[in-house]
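Q: Compute the structure for the input listed below.
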Amino acid sequence: NKSKLAAIRAVRLRNGCQAEAGSLARPLFLLQSRSSCFKFQVTTSMKTPASWSSKIGFILSAAGSAIGLGAIWKFPYTAGTNGGAVFVLMFLVFTILVALPVQLAEFYIGRKSGKNAVDAFKTLAPNSLWPWIGRMGVFACFILLSFYSVVGGWVLNYVVHAFDGSIHQNADFNALFGSTISNPVGSIAYQGLFMLMTVWVVKSGIAAGIERANKYMMPALFVLLLLLAVRSLTLDGAMAGISFLLKPDWSHFTPQTMLTALGQAFFALSLGVSTMITYAAYLDKKQDLFRSGNSIMWMNLLVSLLAGLVIFPAVFAFNFEPGQGPGLIFVVLPAVFMKLPLGQILFAVFMLLVVFATLTSAFSMLETVIAAAIREDESKRSKTTWIIGTAIFIVGIPSALSFGVLSEWKLFGKTLFDLWDYMITALIMPISSLLVAVFVGWIRQKSDVLEHMREGSSVPQAVIVLWLNALRFLAPVAILLVFANTLGWI
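A: Residues are numbered from 1 along each chain as shown. Reported below is the predicted structural model:
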C-alpha cells in the first residue's frame, strides 16, 4: 500500500496536481487521482479570512476611523460654541468613563465572533433579533458615507482652492463657501473623486489596502498638525486662544454643555455604526483590547486638542469670533491663514490633513459594508467594492445637491443631507450604542465576557471588572440622556 501511495503521489506531482492556488489540477484520470485532485481544488478555493498584519496597523486604522472630521472639524467648532475649556474637560471625562467602555464592547463582539457586523450577532446570539444591531450598523455606514463623501468632496475642493487663486487676502470666504457647496457639477465631481479614492484603498483589502494607507496617512496627519500648532502658538496674542481652550470658565458649566460634550464623546470614537466591530473581527487573540482601546482614545483626544491648538490661538490672535459653528474651517480659517506669512501654503497643508482624516474614517465605513457583503470571501472584494462604492456615490448625489438645486426640496422640514445626518447621528448611533452596551453587559454571560477580555491583556482583573460595570450601569444611562437631549426631550 505504501509503495502504491508513493507511486500515485509521484504521478500526481509529475502531472501538476500540486498546482498553485486557483489553477486547475491535471490530468484527473491518472491512477485514481481524480478525487484527491478534486479535493485539492476545493481546498485552494476556500474563503481566506482577512487580518491585520500588525498590532500598530490595527491601532492606527481604528484611530483613523475614530478621528475623522469629528476631531478636526466638529470638535473645534463645538468647543467654540460651548465655552471652550469647560467643554474640553467634560469631553475628556465622558470619553474615558462612557464612550471607551462602549468601544471596548464593540471590540469584544468583533473579536469574539471573528465575523462581520451582521454575522457577529448571528454567531453570538443565533435565532434572535440581535443581528439587527449589525444590520443597522451596515445601513448606517452606507448612508453615512453617502453624505460624508459630500463633505469630503468640499475638503478636496478647498485643497484645489488653495492653489487656484480662490483663497487670497481680499476674498469673501462666506461667498466662496456658498458657491462651492451650491455648485452642482463641482459638488458631484469632488464627491465622486473622494469615493474613488476610498474605493481604491478598500478594494485592496485589510493589510494591503486600509492598513497600509493608514500607516502613512495617520503619522503624516500628526506631523502636519504638530507643525501647524507650533506655528499658531508662536503668533502674537495666541495666549488668549490657549486660555480659551485650556482654562475653564465655569460660567459655561451647564447641563446643556455636559450633554453636548457627552454626545461628542460618542461621535468622536465612531460608535454605534459597527465600524469597530468590523475592524476588531480581523484581530487575533494576542491583541490587548484594553491597551489598544486606550491608545485609540488618547490618539483621538490628542488630535482633537492639536486641532484646537491650531485653530483657536490663530482665531484669537486675529480677533475672530471662536463660536462660528460648522463654517469654522471653511470660512474663518482661510481668513486666519491669509494673515500669516506663506498663509496660502499653510492653509493647503491644513486642508490636506483634513483630507487624510476624512479618508481614514471613510475607509472604515466602506469596509463595514463590504465585510457584510463578501462574508469573508476575499475573492469577491474588488468587484463588490466597486459596485457598492458606485451605489453609495449615486445615493449621495441628492445630498451633494442639497445646498444648490435641491435646496428647496425638503422632507420633514429638512434637506436630504440634513435628514440623513439627523437619522444617523441622532437616532441610529445612540440606539445602536445602547443596544451594544445592553448586549455585552447584560445578555452575554458575565464570565464569558470577562474571560475573553482577559485574553492577550495585561491589565489587572479589577480594571476589566470596572469596565464591565461602567458598561452595564453608566453607559446606558448616559446614552439615554444624549438620545433624549438630541430629540429635544430635555
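
Q: show me where the stretch 1-150 of the chain has helices.
A: According to DSSP state H, counting those that start in this stretch, the stretch 1-150 of the chain carries its helices in the segments 2-14, 34-44, 55-69, 75-80, 85-94, 100-113, 117-124, 131-161.

Q: and of those helices, who's closest to residue 226?
A: helix 55-69 (14.4 Å; CB to CB). C-beta coordinates here come from the backbone N, C-alpha and C atoms, glycine included.

Q: gap between the closest residue to residue 328 other than its chain neighbours and residue 90?
A: The shortest distance from residue 328 to any non-neighbouring residue, by CB to CB, 6 or more residues apart in numbering, is to residue 77 (4.3 Å). To residue 90, residue 77 is 16 Å away according to CB to CB, to the nearest Å.

Q: same deal with residue 320?
A: 24 Å.

Q: ok, now residue 383?
A: From residue 383 to residue 90 the distance is 46 Å (CB to CB).

Q: Just want to know which of those two has more residues nearby.
A: residue 90 (23 against 11; other CB atoms under 10 Å).

Q: Show the contacting residues for the more buried one.
A: Counting by CB atoms under 8 Å, 6 or more residues apart in numbering, residue 90 touches 257, 258, 261, 262.

Q: What is the three-state secondary structure of the second one?
A: Spelled out, it's residue 258. helix (DSSP: H, G, I helix; E, B strand; the rest coil).

Q: Which of the helices and strands in this protein ranks last by mean pLDDT?
A: Averaged element by element with mean pLDDT, DSSP states H and E, the chain has its least confident helix or strand at helix 34-44 (a mean of 39).

Q: need the contact list for the nearest residue to residue 257 once chain neighbours are set aside.
A: Nearest residue to residue 257, sequence neighbours excluded (CB to CB, 6+ apart): residue 82, at 5.0 Å. With contacts defined as CB under 8 Å, 6+ apart, residue 82 is in contact with 252, 256, 257, 260, 261.

Q: do residue 83 as well
A: Contacts of residue 83 (CB under 8 Å, 6+ apart): 249, 251, 252, 253, 257.

Q: Who wins on neighbours among those residues?
A: Result: residue 257 is most packed of the contacts of residue 83 (other CB under 10 Å), 19 neighbours.

Q: Distance check, the residue positioned nearest the centre of the chain against residue 144.
A: Nearest to the mean C-alpha position of the chain, by CA atoms, centre = their mean, lies residue 65 at 2.5 Å. According to CB to CB, residue 65 stands 12 Å off from residue 144.

Q: again, but for residue 366
A: 10 Å.

Q: Was I right to think residue 440 contacts residue 107?
A: No: in this structure, residue 440 is not within contact of residue 107 by CB atoms under 8 Å, at 9.8 Å.

Q: so what sits against both of these two?
A: Counting by CB under 8 Å, 6+ apart, nothing touches both residue 440 and residue 107.

Q: Can you get me a residue count around the residue lying closest to residue 362 once chain neighbours are set aside?
A: Nearest residue to residue 362 in three dimensions, chain neighbours excluded: residue 198, at 4.4 Å (CB to CB, 6+ apart). Here the count is done by other CB under 10 Å, and residue 198 has 28 residues near it.

Q: Just read off the phi/psi values of residue 414.
A: Residue 414 adopts backbone torsions of phi -130, psi 150, taken as degrees, to the nearest 10.

Q: residues near the closest residue to it other than its chain neighbours, how many?
A: Nearest non-adjacent residue to residue 414, counting by CB to CB, 6+ apart: residue 422, 6.4 Å away. Using other CB under 10 Å, residue 422 has 14 neighbouring residues.

Q: isn't residue 422 right up against residue 415?
A: No: the pair residue 422 / residue 415 is not scored as a contact, 10.4 Å apart, by CB under 8 Å.

Q: Phi, psi for the residue nearest to residue 257 please.
A: With angles defined as degrees, to the nearest 10, residue 82 sits at phi -130, psi 30.

Q: Can you report how many residues lie near the closest residue to residue 398 other than its chain neighbours?
A: The shortest distance from residue 398 to any residue other than its chain neighbours is 4.8 Å, reached at residue 416 (CB to CB, 6+ apart). Residue 416 has 21 neighbouring residues, counting by other CB under 10 Å.

Q: Please apply the same query to residue 173.
A: 19.

Q: do residue 56 as well
A: Residue 56: 15 neighbours (other CB under 10 Å).

Q: so what's it closest to, chain neighbours aside?
A: residue 215 (7.6 Å).

Q: go on, residue 354?
A: residue 155 (5.0 Å).

Q: do residue 157 as well
A: residue 190 is the one closest to residue 157 (CB to CB, 6+ apart), at 4.7 Å.

Q: hang on, the residue nearest to residue 56 packs against residue 58?
A: No: with contacts counted by CB under 8 Å, residue 215 stays clear of residue 58, the gap being 10.8 Å.

Q: who are the neighbours in contact with residue 180?
A: 154, 157, 158, 161, 186, 187, 330.

Q: Could you check how many residues crowd around the nearest residue in space to residue 51 that is not next to it in sequence?
A: Nearest residue to residue 51, sequence neighbours excluded (CB to CB, 6+ apart): residue 282, at 4.8 Å. Close neighbours of residue 282, defined as other CB under 10 Å, add up to 24.

Q: isn't there a strand covering residue 282?
A: No: according to three-state DSSP, residue 282 belongs to no strand; its state is coil.

Q: Not counting sequence-adjacent ones, nearest residue to residue 312?
A: Going by CB to CB, 6+ apart, residue 312 has residue 241 as its nearest residue, at 3.6 Å.

Q: Report the contact partners of that neighbour.
A: 232, 309, 311, 312, 313, 314, 315, 316, 317, 322.

Q: Can I get those residues in JSON lines including distance to residue 129 and neighbour count?
A: Shown next, in JSON lines, are the contacts of residue 241 (distance: CB to CB, whole Å; neighbours: other CB atoms under 10 Å):
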{"residue": "232", "distance to residue 129": "50", "neighbour count": "26"}
{"residue": "309", "distance to residue 129": "46", "neighbour count": "23"}
{"residue": "311", "distance to residue 129": "44", "neighbour count": "29"}
{"residue": "312", "distance to residue 129": "46", "neighbour count": "26"}
{"residue": "313", "distance to residue 129": "50", "neighbour count": "26"}
{"residue": "314", "distance to residue 129": "50", "neighbour count": "27"}
{"residue": "315", "distance to residue 129": "48", "neighbour count": "26"}
{"residue": "316", "distance to residue 129": "51", "neighbour count": "23"}
{"residue": "317", "distance to residue 129": "55", "neighbour count": "21"}
{"residue": "322", "distance to residue 129": "45", "neighbour count": "22"}
